[in-house]
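Visitor: could you look at this predicted model? Sequence included:
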Amino acid sequence: MKVFISSDIEGTAGIVDWEQVRGPGTEYELGRQLLTDEVNAAIDGAVESGASHILVNDAHRTMYNLRPGDLHHHASYLSGRHKPLYMMEGLDATFDAVFMVAYHGAIGAERAILSHTSNPAAIWEARLNGVAVGESALNALVALEHRVPVVLITGDDATAEEARPFMPEIEAVVVKRSITRFAAESLHPGRACELIRAGAARALAGAGAAPPPAIDLPATLEVTFLTADMAEMATRVRGVQRTAPRTVATTDDDPLRLYRTFVTIVALTRSVVER
Ligand SMILES: [Zn+2]
């Protein structure tokens with residue numbers, strides 16, 4: 001069995017601040033260690049349930065947050081910049097299951113630690129088929145393309161909630177309870193890892209019967225930006241229409257093409273972010 005792990009970082013137990021997820025600095029070094037432990041716990045659980053190959057795609061910021069030598073020796077490590085499929089690079093139809101580890105809530109969530117959707121300086125809200133979504137549902141488009149079920153997500157309570165509309169049977173391991181965008185009550189890291197390991201083992205054991213993400217096609221993606229200029233920029237991508245001063249929409253029957261449109265929009269609008 002092959003398992004694909006997309007690892008972010010904001011959903012790691014104990015992490016509550018940007019300083020812990022952005023280097024350089026001692027807080028970041030702590031953050032990446034906590035993340036590595038959680039990713040390894042997910043791999044342990046997968047191996048327990050029979051995984052023979054595990055690919056970890058580092059999906060946060062620089063996309064080289066894990067220390068290769070500290071990663072579980074059963075896993076290969078896909079890291080670095082400019083990956084065409086971004087947080088889902090490396091997934092194909094040969095995989096049996098997707099895990100999303102240390103994910104976080106969407107920018108519009110009421111209480112979600114370090115909430116954002118891809119780029120907090122550009123995206124105010126993303127909606128898929130009319131439902132406000134975070135990165136989990138957007139990334140699930142790639143899993144849908146390859147008909148691979150997303151069976152595990154870890155993070156705070158908001159992350160778990162957001163995943164359910166499109167992945168109703170997902171195993172969600174909640175390692176912290178968000179109070180505000182910068183405060184949360186976390187489990188002890190050791191306890192979080194125990195729960196992730198058990199959750200991963202359960203999730204993979206049930207993967208054979210799990211359906212791919214429940215996203216109706218053709219799917220409509222709407223993105224509302226912080227500024228109108230960003231929406232204008234996004235319409236330069238083929239198939240993307242302006243529906244309001246700060247909102248664009250696109251509809252596609254091909255989930256991979258829709259995901260690529262989203263990734264292109266995110267990349268393009270970075271050029272009009274004010275610094
Ligand atoms: Zn991140």
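Guide: Right, received. Where do you want to start?

Visitor: and R275, what's its pLDDT?
Guide: With respect to pLDDT, R275 has a value of 78.

Visitor: run a quick neighbour tally on it.
Guide: Neighbours of R275 under the rule other C-beta atoms under 10 Å: 3. (Each C-beta comes from the backbone N, C-alpha and C, glycine too.)

Visitor: and A102, by the same measure?
Guide: Neighbour tally, A102, other C-beta under 10 Å: 32.

Visitor: same check, this time on R81
Guide: R81: 8 surrounding residues under other C-beta under 10 Å.

Visitor: now do the one 3 residues further on
Guide: For P84, the tally of surrounding residues (other C-beta under 10 Å) stands at 8.

Visitor: in a strand, it, correct?
Guide: No: with DSSP: H, G, I helix; E, B strand; the rest coil as the criterion, P84 is coil rather than part of a strand.

Visitor: so what's it up against?
Guide: Applying C-beta atoms under 8 Å, 6 or more residues apart in numbering to P84 gives the contacts R260, V263.

Visitor: mind checking how far the nearest residue to G208 once chain neighbours are set aside is from the ion?
Guide: By the measure of C-beta to C-beta, 6 or more residues apart in numbering, the closest residue to G208 outside its immediate chain neighbours is D96, 7.5 Å from it. Separation of D96 from the ion (C-beta to the ion, to the nearest Å) stands at 25 Å.

Visitor: kindly report the same for G69.
Guide: 22 Å.

Visitor: how many neighbours does that residue have?
Guide: Number of residues near G69 (other C-beta under 10 Å) recorded here: 8.

Visitor: and it, how far is that from N40?
Guide: 12 Å (C-beta to C-beta, to the nearest Å).

Visitor: what does P255 give?
Guide: For P255 relative to N40 (C-beta to C-beta), the value is 30 Å.

Visitor: then A97?
Guide: Counting by C-beta to C-beta - A97 and N40 are separated by 17 Å.

Visitor: pretty sure I265 is in a strand, no?
Guide: No: membership of I265 in a strand is not supported by three-state DSSP, which gives helix.

Visitor: what is the neighbour count of the residue nearest to it when sequence neighbours are not counted?
Guide: In space, I265 comes closest to A234 once its chain neighbours are excluded; the distance is 4.6 Å by C-beta to C-beta, 6+ apart. Using other C-beta under 10 Å, A234 is surrounded by 26 other residues.

Visitor: cool, and I15?
Guide: 29.

Visitor: centre of the chain versus the helix or strand N139 falls within, how much separation?
Guide: Using DSSP states H and E, N139 falls within helix 135-145. From the chain centre to the centre of helix 135-145 is a distance of 9 Å (C-alpha atoms, centre = their mean, to the nearest Å).

Visitor: with stretch 166-174 instead?
Guide: 13 Å.

Visitor: with stretch 149-157 instead?
Guide: Stretch 149-157 sits 9 Å away from the centroid of its parent chain (C-alpha atoms, centre = their mean).

Visitor: quick check, the residue in the stretch 101-250 of the chain closest to the ion?
Guide: Nearest to the ion, among the residues of the stretch 101-250 of the chain, is H104, at 6.6 Å (C-beta to the ion).

Visitor: pretty sure that residue is in contact with R111, am I right?
Guide: No: using C-beta atoms under 8 Å, H104 is not in contact with R111; the gap is 11.8 Å.

Visitor: of the two, which one has the most company?
Guide: H104 (30 against 16).

Visitor: check contacts around that one.
Guide: 8, 10-11, 112-116, 134-135, 155-156, 158-159.

Visitor: please repeat the previous calculation with a cut-off of 7 Å.
Guide: D8, E10, G11, A112, I113, L114, S115, G155, D156, T159 (C-beta atoms under 7 Å, 6 or more residues apart in numbering).

Visitor: with that, I have no additional questions.
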